[in-house]
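Colleague: structure for this input, please:
(one chain, ligands or ions: 1)
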Amino acid sequence: MSATLLSVENLTMRFGGLTAIDDLSVSVPAGKITAIIGPNGAGKTTFFNCLTGFYKPTVGSVRLAHPKKGEMRLETMTGHRVARDAQVVRTFQNIRLFPKMTVLENLIVAQHNFLQEASRFSIAGIFRLSGYRKAESEALKTAAHWLERLGLTDIADVAAGDLPYGTQRRIEIARALCVDPVLLCLDEPAAGLNPRESAELNTLLLSLCREEGIAILLIEHDMSVVMNVSDHICVLNYGRKIAEGTPEEIRNDPQVIKAYLGEDDEETASGEKAA
Ligand SMILES: Nc1ncnc2c1ncn2[C@@H]1O[C@H](COP(=O)(O)OP(=O)(O)OP(=O)(O)O)[C@@H](O)[C@H]1O
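Modeller: Model prediction:
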């Protein structure tokens, strides 16, 4: 049993009269893949936004047991501190690369917190002092490492926006990895991928988790990805957790089938009304 990396307790997020996340408690183990699934509008992206400092939750706590820095309360932190200090990094449902920058430049920009500090907020950068030059070369090394690891080295100098959709999704993951995440939150990484690219994504996620020890939190509608890579799945519906368990348990959970198919279809699917 892995240690808990992230503990979410009684999380609620309201937008006026709408409760997008409703008293959600869930644990994310270290070094494993946890999927958050649910029908459209279930609150999955809102959940990510609460974890990563984009939204301040109405109620609840999000505790990260950082392996080197101890406990951190993510719900009290701004987005850039969640990424920089807590090393909880995310991708977005809609690709958010800088399309006119090269692939390599996108990976360097991801390290701007580190470079900005090394530049002592500009002066050491302007005069290219040795500390800044060292940081710059480290940033390049990190980018080169992840480009190689994700098979992107050949296109390092191509503008990101000129590349196929599946490749852009891969670049987004490489960019997030440049921040050395302890928790990588991926919002629909398989959206728009063809079956071959989805299979490659599965291999990549499993290797990041098993070989690099990175915990992954995954929002995904593509069940060929969810069921093949997840160690644990949490299912949301109308902001509430309706089920949690292994892929096998979730596949057969009547509440989950009902949430995805609707009551009538579930009965039809189970043969009760089919005749
Ligand atoms: N900033 C916001 N202001 C008002 N309502 C919001 C806001 N963000 C999300 N919502 C609402 O919260 C609910 C949950 O939305 P969310 O995007 O988290 O769902 P989701 O599970 O990620 O859906 P999908 O699978 O379609 O991406 C929806 O009803 C949505 O309209």
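Colleague: max-length helix in this protein?
Modeller: helix 130-149 (DSSP state H).
Colleague: tabulate the CA atom coordinates of stretch 2-15 in CSV.
Modeller: The C-alpha coordinates for stretch 2-15 follow below in CSV (Å, rounded to 0.1, in the frame of the first residue of the first chain):
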residue,chain,number,x,y,z
SER,A,2,1.5,3.4,-1.1
ALA,A,3,1.7,6.3,1.3
THR,A,4,-0.9,9.1,0.7
LEU,A,5,0.5,12.0,-1.3
LEU,A,6,-2.6,14.2,-1.5
SER,A,7,-5.5,14.2,1.0
VAL,A,8,-8.6,16.1,-0.1
GLU,A,9,-11.1,16.6,2.7
ASN,A,10,-14.7,17.9,2.5
LEU,A,11,-13.9,20.0,-0.6
THR,A,12,-16.8,22.1,-1.8
MET,A,13,-16.8,24.7,-4.6
ARG,A,14,-19.8,26.8,-5.2
PHE,A,15,-20.4,29.3,-8.1
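Colleague: quick one: the nearest residue to P57 once chain neighbours are set aside from I242, how far?
Modeller: Excluding the flanking residues, the one nearest P57 by Cβ to Cβ, 6 or more residues apart in numbering is C50, at 4.6 Å. Quick note: C-beta positions are derived from backbone N, CA and C, even for glycine. The spacing between C50 and I242, counted by Cβ to Cβ, to the nearest Å, is 18 Å.
Colleague: please identify which of these two sits among more neighbours.
Modeller: Comparing C50 with I242 by other Cβ atoms under 10 Å, the one with more neighbours is C50, at 25 against 16.
Colleague: these two touch, right, the more buried one and E75?
Modeller: Yes: look at C50 against E75 with Cβ atoms under 8 Å: they come within range, at 6.9 Å.
Colleague: and for these two, which residues touch both?
Modeller: L11, K56, P57, G60, V62 (Cβ atoms under 8 Å, 6 or more residues apart in numbering).
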